[in-house]
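# Need coordinates for the below:
(chains A and B)
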Amino acid sequence: MNIFVLMKRTFDTEEKILIENGSISEDDAEFIINPYDEYAIEEALQLKEAHGGEVTVVTVGSEESEKELRTALAMGCDKAVLINIEEDLEDGDQFTTAKILYEFLKDKEADIILAGNVAIDGGSGQVGPRLAELLDIPYVTTITNIEIDGKNVKIVRDVEGDSEIIETTLPLLVTAQQGLNEPRYPSLPGIMKAKKKPLEELELDDLDLEEEDVMPKTKTLEIYLPPKKEAGKILQGELQDQVKELVSLLRSEAKVI
Amino acid sequence: MANKTEAYIKGGSFIMEEIPFDRIFTPEDCTEEHKMIAKTAEDFVLNEVVPFIDRLENHEFDISVKLLKQAGELGLLAADIPEEYSGLGLDKVSSALIAEQFSRAGGFSITFGAHVGIGSLPIVLFGNEEQKKKYLPSLAVGEKIAAYALTEPGSGSDALGAKTTAKLNEAGTHYILNGEKQWITNSAFADVFIVYAKVDGKHFTAFIVERDFPGVSTGPEEKKMGIKSSSTRTLILDNVLVPKENVLGEIGKGHKIAFNILNIGRYKLAVGAIGACKRIIELSVKYAVQRKQFGRPIAQFPLIQEKLANMALKLYAMESSVYRTVGLFDDRMSYLTPEEQKDGNAVAQSIAEYAIECSLNKVFGSETLDYIADEGVQIHGGYGYMAEYEVERAYRDSRINRIFEGTNEINRLLVPGMFLKKAMKGELPLLQKAQSLQKELLTWMPEEIGDGVLEQEKYLLKQAKRVTLLLAGAAAQKFGQSLQQEQEILANIADAVNNVYAMESAILRTEKAIVNSGEEKNKQKLLYTQVFVQEAFQELEANAKETIVAIEEGDDLRILLSALKKLMRQIPVNVIKKKRQIAARVIEEEKYIV
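I've put the predicted structure just below:
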């Protein structure tokens, strides 16, 4: 099976995030593999273990993303591809990434492409579906289970807490939801082997793309942190009074009703 | 790292030589691979071990065994085992990084450490081909668990006074072992024990003893102050038949194995202390930020800030010293031929070269941890005394570190002893250096100290080395052979040496970082170094005075004291201000930060 995984390097949103001059300061940020992409990697590895084949992990990013690609190789992926846009592009959005990935994947004859449901930084969830549209293959988002039998695929997907069962066929693109699996740790032998696995680096030029082909369709106007969380309030007294107080607080203080 | 045109750095040579920063290893030199290895270890410990700590503390040792196997599957037990025997043969830095992460798991890190360290390494380093083939592959994956049995009820620090005996049976096929080993880590579930016994009551020898050999049993679980997650029992040997193929190393050469393993145990203990210190600082600063008194978080009070600063800056010096030492092993081994690298004896020799540094690390590591654990409890106030708070366990777990792997008293006495041996063997020209220094001092005038980055610190380091040599020289001259009896003076000299090693390690690490990534990014390191060096220097001064007064009298004493005064001249930095700056960053990040 020819398996591809789309991976993104993101900052760890559980660590402190600093905004400097309108953008997120990368100096002290911790970077990780987007957690949803980790589920995609794990599922790809399990599919390979069950059906044979090869797993290629792809990222659109910068030199820095090499570290996360190596981690994916250490987990067990066979090959990694870094599409380095650092020098060619100042800015990009979901359109940019999908278009670049399309150019890379269009002649790769992928049986299945796995991606994260969303990236925890941008949170758009668009790259996977956009790419599937461009490749003209079916896609299923937020999957929590997948079974493949020949060309037939049976998927359980999460729909706002409920499950939906979908039957479809390969080639296919799916995006991973939490609960799909427990990603493995890169083992020490895996880490040692990852050094010797192929990591190919491409630039826009190698994909016959010009800067204007992938110019972003959106503009970021401002980046700001969510308001600081205030201490909570526990209402006391008779239930009746509590409800009354709650309603009045929602009106006068929170101003949501 | 090593510049191959130069020779390796000799153990103990730092006391008389100037070491350039590019010859030492610092945590900042870790490769991507090192970081990945540390990350896997960290994630494993956080996600798989930490949730079980309460049950482990309750002696549910089937969980310990399961966790070791899980760690084995990830390769976390195989770092020090060569590839030929299903290990990974990683460098010592990798193995240290793993050990550091495990210390988050409290007593379980002792279980882990006893298995990969003192349990497995005697076979790695001193086993013959058959023994390595037979035991290492299963130890590497945690299929079998190892333990180390040296201590006896009547012989602790005096390890060679062991009473356990071994006698060859009449057929000449087996040794019959009899005796009792005490406080054996992992004894509840270990499959393989490294046991020391005296053949015919005389020749101290190491044996590989399997749990299944008839006559092997263990006593009840000890009730300990801390590290309760680890199993500690007596190992009872009642006419145990051990095949003679299981003699480890040579008959009568057990001490060689024991001393080499102790070196490793000592530096690894210090590595573990780093991880524990980091955790306690994190717990303490988080508590200080969240705990409000008098209407504000206690982290805003300068006395709490001072505590956090002291904890962080001591850890910086300790961490710098320990990783520098680990780097020395890798550096030394890089000079071995491929054949030598496969020879356990040569590897053990490479570590023994730095036996002084191992002892220094053991003392500095355990005492820094104890200091930090103590202040950690203090910051927590009454809550720190309550078992629901992790810092309470950390405090109890910390205490054993000053005792095992050679008490800190024994390790202090070893330091000047080892220096003296190196001087006698001509490996280090210490006595010549001390004598020429004494002459120099009569006419020596203090130098102008520049105000460039680290200039004052480097100057103080140079002076600290001079003072330490002066003390050692004066003590050796005065007492000669009977210096052994002057344990207080020996301990003072060991402390002076430790101050020098720690000051230098902090300075060189900071210098290296500044050269590589600029002063702006290394402000915290610079602050740590400035404060630590000044305080260590003052400690050294008090220590030197006490020692000199005990050694000399009359005119000689007056001359030495005035020389000391000249040597110790310095322009003090404002440590109160600098500690507030240090604390501000620690509080901002809510953890130890460099």
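# pLDDT weak spots in the chain?
Looking at chain A here, since you left the chain open. Along chain A, the model assigns pLDDT under 70 to no residue.
# wait, I meant chain B there
In chain B (pLDDT under 70), the answer is B:1-6.
# So A:P226: helix, strand or coil?
coil (DSSP: H, G, I helix; E, B strand; the rest coil).
# Distance-wise, check the residue in chain B that chain A sits nearest to relative to B:E455.
Nearest to chain A, among the residues of chain B, is B:G75, at 2.9 Å (Cβ to the nearest Cβ). For every residue, glycine as well, the C-beta is placed using N, CA and C. Counting by Cβ to Cβ, to the nearest Å, the separation of B:G75 from B:E455 is 45 Å.
# Who has more neighbours out of the two?
B:G75 (26 against 11; other Cβ atoms under 10 Å in any protein chain shown).
# The spatially closest residue to the more buried one that is not a sequence neighbour: how many residues sit nearby?
Nearest residue to B:G75, sequence neighbours excluded (Cβ to Cβ, 6 or more residues apart in numbering or on different chains): A:L188, at 2.9 Å. If you count neighbours by other Cβ under 10 Å, A:L188 ends up with 25.
# so A:L188 touches B:G87, yeah?
No: counting by Cβ atoms under 8 Å, A:L188 stays clear of B:G87, with 9.9 Å between them.
# shared neighbours of the two, anything?
Applying Cβ atoms under 8 Å, 6 or more residues apart in numbering or on different chains, one finds that A:L188 and B:G87 are jointly contacted by B:A78, B:A79.
# Downstream of the helix or strand containing B:W183, the next helix or strand is which one?
In this assignment (DSSP states H and E), B:W183 forms part of strand B:174-185. Sequence-wise, the next helix or strand downstream of strand B:174-185 (DSSP H and E) is strand B:192-199.
# That following strand vs strand B:174-185, what angle?
Taking axes from the mean of the first three to the mean of the last three Cα atoms, to 10 degrees, strand B:192-199 and strand B:174-185 form an angle of 120 degrees between their directions.
# from the chain's centre, how far out does strand B:192-199 sit?
Centre-to-centre, strand B:192-199 and its host chain are 25 Å apart (Cα atoms, centre = their mean, to the nearest Å).
# Okay, A:P186 and B:E589: tell me how far apart.
Taking Cβ to Cβ, one finds A:P186 at 26 Å from B:E589.
# Look at these two and report which has more neighbours.
Neighbours per residue, other Cβ under 10 Å: of A:P186 and B:E589, the larger number sits with A:P186, 24 against 15.
# Tell me where the stretch 401-550 of chain B has helices.
With DSSP state H, counting those that start in this stretch, the ranges of helices along the stretch 401-550 of chain B come out as B:408-424, B:430-443, B:455-479, B:487-517, B:523-551.
# Just send these back as a markdown table, with distance to A:D37 too.
Formatted as a markdown table, the helices of the stretch 401-550 of chain B follow (distance: least, Cβ to Cβ, whole Å):
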| stretch | distance to A:D37 |
| --- | --- |
| helix B:408-424 | 49 |
| helix B:430-443 | 58 |
| helix B:455-479 | 46 |
| helix B:487-517 | 30 |
| helix B:523-551 | 33 |
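# Let me know which of those is tucked in deepest.
Among those, helix B:487-517 has the highest mean neighbour count (mean count of other Cβ atoms under 10 Å in any protein chain shown), at a mean of 23.
# do it and chain A meet?
No: counting by Cβ under 8 Å from any Cβ of the partner chain, chain A is not contacted by helix B:487-517; separation bottoms out at 11.0 Å.
# what packs against that helix?
Under the contact criterion of 3 or more Cβ pairs under 8 Å, 6 or more residues apart in numbering or on different chains; DSSP states H and E, helix B:487-517 touches helix B:302-333, helix B:355-380, helix B:408-424, helix B:455-479, helix B:523-551.
# With distance to A:C77 as extra columns, can I get those in TSV?
Compiled in TSV, the helices and strands packed on helix B:487-517 are given as follows (distance: least, Cβ to Cβ, whole Å):
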stretch	distance to A:C77
helix B:302-333	30
helix B:355-380	39
helix B:408-424	47
helix B:455-479	47
helix B:523-551	37
